[in-house]
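# Any chance you could fold what I've pasted below:
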Amino acid sequence: MIKIIEQNDFGQSFCIPLFKYLHTDMIKQKEKFNLLAETLKSIAHPERLAILFLLCHCTKGGLTVKHIYKTMNIEQPIASRHLGILKRGGLLKRDVKKTGTYYYMNMEHQLSKCISNCL
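From the prediction side, this is the model:
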């Protein structure tokens, strides 16, 4: 049975069966499914999964773009493009400091929590 993760008004997460979604307002649910599909598309690349893995196992709270592209042995524009896609998908947050741009997991996003548990 497929389940969808939801949050109640108090920020608590819970799972409900997919068929319950189908019996409610389909327009609202279709928007949720479209958003979920777009977010899942944002992780559907091996290098983006590797970036998420790095960020999930980062003990400093965030990594610079330079650290990410050097660790992964990829070019800086490629790393920046992947980071931008993940950020637009809502999975990452960015913090610009004097020492560089830091990326870290957006733990307010439900899928980020799931990904950090899986990786």
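# Could you confirm Asp95 falls within a helix?
No - counting by DSSP: H, G, I helix; E, B strand; the rest coil, Asp95 falls outside a helix, being strand.
# pLDDT wise, what is the residue nearest to it when sequence neighbours are not counted at?
Spatial nearest neighbour of Asp95, chain neighbours left out: Tyr102 (4.6 Å); criterion: CB to CB, 6 or more residues apart in numbering. For glycine as for every other residue, the C-beta is placed from the backbone atoms N, C-alpha and C. The pLDDT attached to Tyr102 in the predicted structure is 93.
# next one: Leu86
95.
# For the spatially most central residue of the chain, which residues are in contact?
Residue closest to the average C-alpha location in the chain (CA atoms, centre = their mean): Leu91, at 2.3 Å. Contacts of Leu91 were listed using CB atoms under 8 Å, 6 or more residues apart in numbering, and they are Thr39, Ser42, Ile43, Leu52, Met105, Asn106, His109, Leu111, Ser112, Ile115.
# what helix or strand is the last one on?
Which is Ile115. Per DSSP states H and E: Ile115 is located in helix 110-118.
# Can you report how many residues neighbour Thr59?
Thr59 has 4 neighbouring residues, counting by other CB atoms under 10 Å.
# ditto for the one 3 residues further on
Using other CB under 10 Å, the number of residues around Gly62 comes to 18.
# downstream neighbour of the longest helix seen in the chain in the secondary structure list?
Counting by DSSP state H, the longest helix found in the chain is helix 26-42. Next along the chain after helix 26-42, taking DSSP H and E as the criterion, comes helix 46-56.
# who does that next one touch, helix- and strand-wise?
Other helices and strands packing on helix 46-56, by 3 or more CB pairs under 8 Å, 6 or more residues apart in numbering; DSSP states H and E, are helix 65-72, helix 76-88, strand 100-105, helix 110-118.
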